[in-house]
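J.: all I have is the shape, not the residue letters:
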């Protein structure tokens, strides 16, 4: 595999993943959990990219709560490149900061933007797709987004409408859309030319910096100012002081939607179908489905337990490591236990688990969040 | 309240109550748990009888596993009267032993036989009923059973068929029946002259001893031999050696059914309707119903927890003391957690929880039983 020497993976790891409460906590978010295998989600994210870039080229953008754990989990990554946002400002400022930092380091830098909490089944295919994307992104002012072929009318993702073929597998992007309602999602899936937005992007630092200067000029100035201090004693203080002044906006809304409005032929945004077994493990239910598809346990029951007894029970997910678990006449429930909390829900309702954290936040029950 | 000086409560406390696993264990059976209030079930049993008899008149029949805990829970009861069967031999030998022991102590002894794990709502009415029963039992060779008016076609209890009125509220018993099937139970309830067998009996030691000598002569001889050693250094060894030779049989089957076969007029068995709010708390479901009837918690959710969040959840029972419990979109489940085990079942299936213990026994997973 011929590495592109200008490729820099930037991993976004500031999310809380509240739908994995009570296992996920403010200081131990979803990306820091080993939900799939022995490595944590962020460790897996780095490991599968290492064949494309050495450790020293990785950047991580996270927050103060999570940075200590990330430093521990990724000891080979350069510590100064594990950045903590002093406050969350959505994806545009986070990515923009990476762009200005890398532009100073390498004018030909190609940034790969990666969520830190997804699983990929076929890593070889994944890297092949990325290499193709890096190639396109390294040319002119191209932007590449990895699109997932929708398998259901999911309302939890943004969609990408594609138009004509560009070259190879790459398709021209016609439009980015917000999370749709049920009917619209069904139309998108039926139409056949819609993909889920994976949150994985490839673009040169220059393209990104230019787009920021055009669409978020005030934020771009702030980020350039912060980036100029990188490597100096004043960087941390500057970041802490100026970053909160950035606009709170997503990259999709700030840059991609305006750019795609230029029209399919002129926007230079391309979609690469991500046919490598992607799963964002969005909830306990998604995790259950992911594991049962891999290991097909009897009756679809998945138990993390010291021992089990199952009687007339199907499709349950139970996390109670070290305990003997008995499931009697109960189906499709999700039970997750930690030393201080117990979640009881169903596979159907597990997407509402984030509301528990919202409640705990409101009540200032910080020990539990 | 005028106490009958010859009344001796005998409490049967040898059961395991496996349907309350994982809370109930071999050494901490249901009767030793505080399922309803601060006192344990057996402490409540004693407390509600104390107005009828002083501590020194109580006897308890249990087993070696449970005796140490019972000694601790009932420190005012005379230790020698807390007897442990070396092996379980069902109710006839246990009660028989009490009869021969008490007959030696007090030829006019009236024995009240009480399960140790039931709850009673109206204790005043309960004691009034018992006083009436003691009066009847003190006369001739009468046997009194407390009958519960059936509220559903329950197949888990034995039934008592009654005939004509005897005197006051007392009815003549026509027949004792085994646990019926669904159809038969429905017929019994519809018929109107059937009661549930509460397991609470009143009879003189003499009547009981005579009945044993008549119907279980071999066992009666063994029990008399054991009883003759009470108060001597040889009692414990004799009990351990001879008790296992007793027949393994219930008092209903050994004594009451043959006696009732003599016919309603000649059997001298009487039923007192137990209209004092009886509940045997036969399962987690029964416990849930008992508590929700008393305290009517919102949406029928009953949580033993340090804190709760409930969203679109109804009719759940969760025992997880010290933990924050979140129930999201889940209804009618029962979740019980201990330091080493986690039970997940439904209100509908909680009667099958005993099967977990059967499984654990078979696998010799003694730490969990």
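T.: Done, it's in. Being a predicted model, the structure only gives us computed values, none of them experimental.
J.: what sits against the residue nearest to residue A:359 when sequence neighbours are not counted?
T.: Closest residue to residue A:359 apart from its sequence neighbours, by Cβ to Cβ, 6 or more residues apart in numbering or on different chains: residue B:309 at 5.0 Å. Placement of C-beta: from N, CA and C, glycine included. Residues in contact with residue B:309, defined by Cβ atoms under 8 Å, 6 or more residues apart in numbering or on different chains, are A:356, A:359-360, B:324-328.
J.: partners of the top strand by length along chain A in the sheet?
T.: Determined from DSSP state E, the single longest strand within chain A is strand A:194-204. Strand A:194-204 pairs in its sheet with strand A:110-115 (antiparallel), strand A:143-148 (antiparallel), strand A:159-167 (antiparallel), by DSSP bridges.
J.: next SSE after that strand?
T.: helix A:205-215 (DSSP states H and E).
J.: coming back round to it: columns mean pLDDT and mean neighbour count on top of the strands paired with strand A:194-204, output as a markdown table?
T.: Formatted as a markdown table, the strands paired with strand A:194-204 follow (pLDDT from 0 to 100; neighbours: other Cβ atoms under 10 Å in any protein chain shown):
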| stretch | mean pLDDT | mean neighbour count |
| --- | --- | --- |
| strand A:110-115 | 98 | 24 |
| strand A:143-148 | 97 | 25 |
| strand A:159-167 | 92 | 18 |
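J.: for these, which one sits closest to residue A:264?
T.: The closest of these to residue A:264 is strand A:159-167. By Cβ to Cβ, the value is 4.2 Å.
J.: now the very next helix or strand once past that closest one: how far from the chain's centre is it?
T.: Once strand A:159-167 ends, the next helix or strand along the chain (criterion: DSSP H and E) is strand A:170-177. From the chain centre to the centre of strand A:170-177 is a distance of 20 Å (Cα atoms, centre = their mean, to the nearest Å).
J.: following strand A:170-177, which helix or strand comes up?
T.: helix A:182-191.
J.: can you give me the buried ones in that next one?
T.: Of the residues in helix A:182-191, A:184-185, A:188-189 count as buried by neighbour count, 16 or more other Cβ atoms under 10 Å in any protein chain shown.
J.: so for it, what's the average pLDDT?
T.: Averaged across helix A:182-191, the pLDDT comes to 95.
J.: again with stretch A:354-366
T.: 97.
J.: mind listing what's buried along that stretch?
T.: For stretch A:354-366, by 16+ other Cβ under 10 Å, it's A:354-357, A:359-360.
J.: equivalent analysis for stretch A:164-180, please.
T.: A:166, A:170-177, A:180.
J.: what is the end-to-end distance of it?
T.: 23 Å (Cα to Cα, to the nearest Å).
J.: before we move on, what about stretch A:252-265?
T.: 19 Å.
J.: name all residues that make contact with residue A:132.
T.: By Cβ under 8 Å, 6+ apart, the contact set of residue A:132 is A:168-170, A:272.
J.: what helices or strands is the helix or strand containing residue A:272 leaning on?
T.: Element membership of residue A:272, judged by DSSP H and E, is strand A:269-273. The contact analysis (3 or more Cβ pairs under 8 Å, 6 or more residues apart in numbering or on different chains; DSSP states H and E) places strand A:269-273 against helix A:123-137, strand A:143-148, strand A:159-167, strand A:170-177.
J.: now the residue in the stretch 101-250 of chain A positioned nearest to chain B: how far from residue A:120?
T.: At 16.4 Å from chain B, residue A:156 is the closest residue in the stretch 101-250 of chain A, using Cβ to the nearest Cβ. Shown here: residue A:156 relative to residue A:120, a distance of 19 Å by Cβ to Cβ, to the nearest Å.
J.: out of those two, which sits in the busier spot?
T.: Higher neighbour count among residue A:156 and residue A:120: residue A:120, with 19 against 13, using other Cβ atoms under 10 Å in any protein chain shown.
J.: who does the more buried one form a beta bridge with?
T.: residue A:278.
J.: surely it and residue A:277 touch.
T.: Yes. Contact criterion Cβ atoms under 8 Å: residue A:120 and residue A:277 qualify, at 6.3 Å.
J.: and the helix or strand of chain A with the lowest mean pLDDT, which residues are buried?
T.: Ranked by mean pLDDT, DSSP states H and E, the weakest helix or strand in chain A is helix A:257-260, scoring a mean of 88. Neighbour-count burial for helix A:257-260 flags A:257, A:259-260 (criterion: 16+ other Cβ under 10 Å).
J.: name the residues that touch stretch A:259-270?
T.: So stretch A:259-270 is contacted by A:136, A:140-145, A:163-164, A:166, A:170-176, A:211, A:256 (Cβ under 8 Å, 6+ apart).
J.: how near is the residue of the stretch 151-300 of chain A found nearest chain B to residue B:326?
T.: The stretch 151-300 of chain A approaches chain B most closely through residue A:284 (10.2 Å), counting by Cβ to the nearest Cβ. Residue A:284 sits 12 Å away from residue B:326, taking Cβ to Cβ as the criterion.
J.: same drill for those two, tell me which one is more crowded.
T.: residue B:326 (30 against 26).
J.: does the more buried one touch residue A:338 like I think?
T.: No. With contact defined as Cβ under 8 Å, residue B:326 and residue A:338 do not form a contacting pair (11.3 Å).
J.: let me see the domain layout of chain A.
T.: A:7-279, A:284-352 (automatic domain parsing).
J.: from the chain's centroid, how far away is the first one?
T.: From the chain centre to the centre of domain A:7-279 is a distance of 7 Å (Cα atoms, centre = their mean).
J.: that domain spans what distance, first to last residue?
T.: End-to-end distance of domain A:7-279 (Cα to Cα): 24 Å.
J.: before we move on, the earlier item: overlap in contacts of residue A:284 and residue B:326?
T.: Overlap between the neighbourhoods of residue A:284 and residue B:326 consists of A:345, A:353, taking contacts as Cβ under 8 Å, 6+ apart.
J.: from chain B, how far out is the residue of chain A most remote from its centre?
T.: Within chain A, residue A:311 marks the point farthest from the mean C-alpha position, 38.2 Å out by Cα atoms, centre = their mean. Residue A:311 is 6 Å from chain B, where distance means Cβ to the nearest Cβ, to the nearest Å.
J.: go ahead and confirm that residue touches residue A:325.
T.: No. In this structure residue A:311 lies outside contact range of residue A:325 using Cβ under 8 Å: 12.0 Å.
J.: returning to that earlier point: can I get the strands paired with strand A:194-204 in JSON lines including distance to residue B:21?
T.: Formatted as JSON lines, those follow (distance: least, Cβ to Cβ, whole Å):
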{"stretch": "strand A:110-115", "distance to residue B:21": "43"}
{"stretch": "strand A:143-148", "distance to residue B:21": "45"}
{"stretch": "strand A:159-167", "distance to residue B:21": "50"}
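J.: which residues of chain A fall in helices?
T.: For chain A, applying DSSP state H gives helices covering A:41-49, A:67-73, A:91-105, A:123-137, A:182-191, A:205-215, A:217-228, A:235-242, A:251, A:257-260, A:284-295, A:354-362.
J.: for residue B:59, find the nearest of those.
T.: Among those, the nearest to residue B:59 by Cβ to Cβ is helix A:354-362 (51.1 Å).
J.: packing partners for the closest one?
T.: By 3+ Cβ pairs under 8 Å, 6+ apart, helix A:354-362 packs against strand B:307-311, strand B:324-328.
J.: of all those strands, which one is nearest residue A:368?
T.: strand B:324-328 (5.3 Å).
J.: mean confidence for the closest one?
T.: For strand B:324-328, the mean pLDDT works out to 98.
J.: show me what that strand packs onto, helices and strands only.
T.: Using 3+ Cβ pairs under 8 Å, 6+ apart: strand B:324-328 touches strand A:341-346, helix A:354-362, strand B:307-311.
J.: just give the nearest non-adjacent residue to residue A:134, would you?
T.: Leaving out its chain neighbours, the residue that sits closest to residue A:134 by Cβ to Cβ, 6+ apart is residue A:4, at 4.9 Å.
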